[in-house]
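>>> Quick one: sequence and predicted model below, then my questions.
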Amino acid sequence: MLFSSQPPDIGCYDIAFESTLGADLVVFEPEGIVHTVSMTQETPRIIDLRSDTVTKPTAAMRETMARAEVGDDVLGDDPTVKALESQTAELLGKEAAVFVPSGTMANQLAIRSHTEPGDEIFVEANAHLYYYEGGAPAALSGVMCRCINGQRGIFSGADVEAALRPADPHFPRTRLVCLENTHNRGGGKIWSIGQIQEVAASARKHGLQLHLDGARLWNASVAAGIPERDYASYFDSVSVCFSKGLGAPVGSALAGPKPLIDRARRFRKMFGGGMRQSGIIAAGALYALANHRARLAEDHVNAKALASGLAVVSGLETAPAEVETNMVRFHVRTMPAQQLVDRLRAQGVLVLAVGPDAIRAVTSLMVSAEDIRTAVAIIAQALG
Ligand code: TLP
């Protein structure tokens, strides 16, 4: 319970730590009558497939966070943050890592640390760090982005070669090539090691650095059975998120060689990302690394099941064979995507429109196999 002795006035208090959905409520009535109401029957369950960022910390994670040893991390005093940074660096086979509040900050610190204003970076046209980060490469690093059109986020060494221009004062200095694995707008697509090797070889031939947006590298690793450090070995820097499928409430990291991470730490302060007793949230990330990585396989099974269920719903187009991790993208043929999103919301199923006729659904530890079956039925009904 959230309180121990004196009941407050009159009201309802959520006592479930795992989730407020389907939770029990303690109800205080006049005359000091206290009773518990199970909401499981009465409240329709919300099935939240908008993102894996909606994951809430479990009771065990919260307990670990509450007990975390902390200190002032900007002064280098937080033992839990230090433990997370060294464990992340180790997992990714890098010399050092820096803990940051968000995946966006990790990516933008990488760009800022690899470049100087006026430089050019190569990004895939749908890359999160270009498409979804508020124009940050221009605003925070003063770089030019040269877009490469990929196939579900994947491009080739030949694409890198084709985009390169000769060293000439007319042109910006090209410094960095960025990849994303898994690729968000590519529908959770995994880069194969062969594809990475090929792009890395072209980049290296021309003296370019490589950054990986590995917000969901954990998913790629579990799905492909390839350790994170094997993927990471082709890159100078790698960003990872603890706050997506891993289920930590906050936090990401940037890993790489020590001089680069020292430089990123300086920019972290400049960007306002120096946190103080951040061991509280780092503890959630450490818990997630230890306990929530292997279970991502369940999310992948659920995403496949969702796509297979939707494949036979008329009015939709989906390709179950393209589902490699925890994301499903489907197209709506009979109404605008947003209209279906609104109808589904009214029925307790949350998804996101990612184009005029495209919808994204993401599985995570917040949804069960049964939720997936329910969601398919509700989506079929909303279209009917
Ligand atoms: N992605 C979010 C939204 O911003 C779209 C989501 O719901 O998928 N890299 C990748 C590949 C991402 O998908 C995201 C978040 C980030 C970086 C940024 O992470 P945060 O939200 O922590 O800044």
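Sure thing, it's come through.
>>> Read off the pLDDT value for the residue nearest the centre of the chain.
In the chain, the C-alpha nearest the mean C-alpha coordinate belongs to residue 244, at 3.9 Å (Cα atoms, centre = their mean). Note for residue 244: predicted pLDDT of 98.
>>> got the phi/psi numbers for residue 238?
Dihedral angles of residue 238 (phi, psi; degrees, to the nearest 10) stand at phi -140, psi 130.
>>> Next: the one 3 residues further on.
When read as degrees, to the nearest 10, the backbone of residue 241 gives phi -120, psi 140.
>>> surely it meets residue 252?
Yes: applying Cβ atoms under 8 Å, one finds residue 241 in contact with residue 252, separated by 4.5 Å. Using the backbone N, CA and C atoms, a C-beta is placed for each residue, glycine as well.
>>> Would you mind grabbing the residues shared as contacts by these two?
Here residue 241 and residue 252 have 102, 103, 106, 215 as joint contacts, going by Cβ atoms under 8 Å, 6 or more residues apart in numbering.
>>> Would you confirm that the last one contacts residue 181?
No: Residue 215 is beyond contact range of residue 181, at 9.0 Å (criterion: Cβ under 8 Å).
>>> hang on, the earlier thing: which one (most neighbours) among the shared contacts of residue 241 and residue 252?
residue 106 (31 neighbours; other Cβ atoms under 10 Å).
>>> Tell me the spacing between residue 158 and residue 86.
38 Å (Cβ to Cβ, to the nearest Å).
>>> swap that for residue 104, sorry
Separation of residue 104 from residue 86 (Cβ to Cβ): 23 Å.
>>> out of the two, which sits in the busier spot?
Shown here are residue 104 and residue 86; by other Cβ under 10 Å, residue 104 has more neighbours (22 against 12).
>>> ok, the more buried one - contacts?
Applying Cβ under 8 Å, 6+ apart to residue 104 gives the contacts 129, 133, 134, 136.
>>> Any residues of the stretch 201-350 of the chain in contact with the ligand? List them.
Counting by Cβ under 6 Å from any ligand atom, the residues of the stretch 201-350 of the chain lying close to the ligand are 213, 215, 241, 243, 252.
>>> Now for those: which two are most distant?
Of all pairs drawn from these, the one with the longest distance (Cβ to Cβ) is 213 and 243, at 14.2 Å.
>>> Could I get the CA-only coordinates of stretch 351-371 as PDB?
Extracted C-alpha coordinates of stretch 351-371, given in PDB (Å, rounded to 0.1, in the frame of the first residue of the first chain):
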ATOM      1  CA  VAL A 351      -1.300   2.400 -32.200                       C
ATOM      2  CA  LEU A 352       0.500   5.200 -34.100                       C
ATOM      3  CA  ALA A 353      -0.100   6.500 -37.600                       C
ATOM      4  CA  VAL A 354       3.300   6.800 -39.300                       C
ATOM      5  CA  GLY A 355       2.000   8.000 -42.700                       C
ATOM      6  CA  PRO A 356      -1.300   8.800 -44.400                       C
ATOM      7  CA  ASP A 357      -2.100   5.100 -44.800                       C
ATOM      8  CA  ALA A 358       0.500   3.500 -42.600                       C
ATOM      9  CA  ILE A 359       0.300   2.400 -39.000                       C
ATOM     10  CA  ARG A 360       2.900   1.100 -36.600                       C
ATOM     11  CA  ALA A 361       2.400  -1.300 -33.800                       C
ATOM     12  CA  VAL A 362       5.200  -2.200 -31.400                       C
ATOM     13  CA  THR A 363       5.200  -5.100 -28.900                       C
ATOM     14  CA  SER A 364       6.800  -4.800 -25.500                       C
ATOM     15  CA  LEU A 365       6.600  -6.200 -22.000                       C
ATOM     16  CA  MET A 366       3.400  -4.300 -21.600                       C
ATOM     17  CA  VAL A 367       1.500  -6.600 -23.900                       C
ATOM     18  CA  SER A 368       0.900 -10.300 -23.700                       C
ATOM     19  CA  ALA A 369       0.100 -13.000 -26.300                       C
ATOM     20  CA  GLU A 370      -3.500 -12.700 -25.300                       C
ATOM     21  CA  ASP A 371      -3.500  -8.900 -25.700                       C
END
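>>> In it, which residues are buried?
Buried positions in stretch 351-371, judged by neighbour count with 16 or more other Cβ atoms under 10 Å: 351, 353, 357-367, 371.
>>> Which ones among those residues lie within helices?
Residues of the buried residues of stretch 351-371 located in helices (DSSP state H): residue 371.
>>> Nearest to residue 303 among the buried residues of stretch 351-371?
The closest of those to residue 303 turns out to be residue 363 (Cβ to Cβ; 4.6 Å).
>>> Which residues are in contact with that closest one?
So residue 363 contacts 49, 52, 299, 300, 302, 303, 306, 326, 327, 328, 372 (Cβ under 8 Å, 6+ apart).
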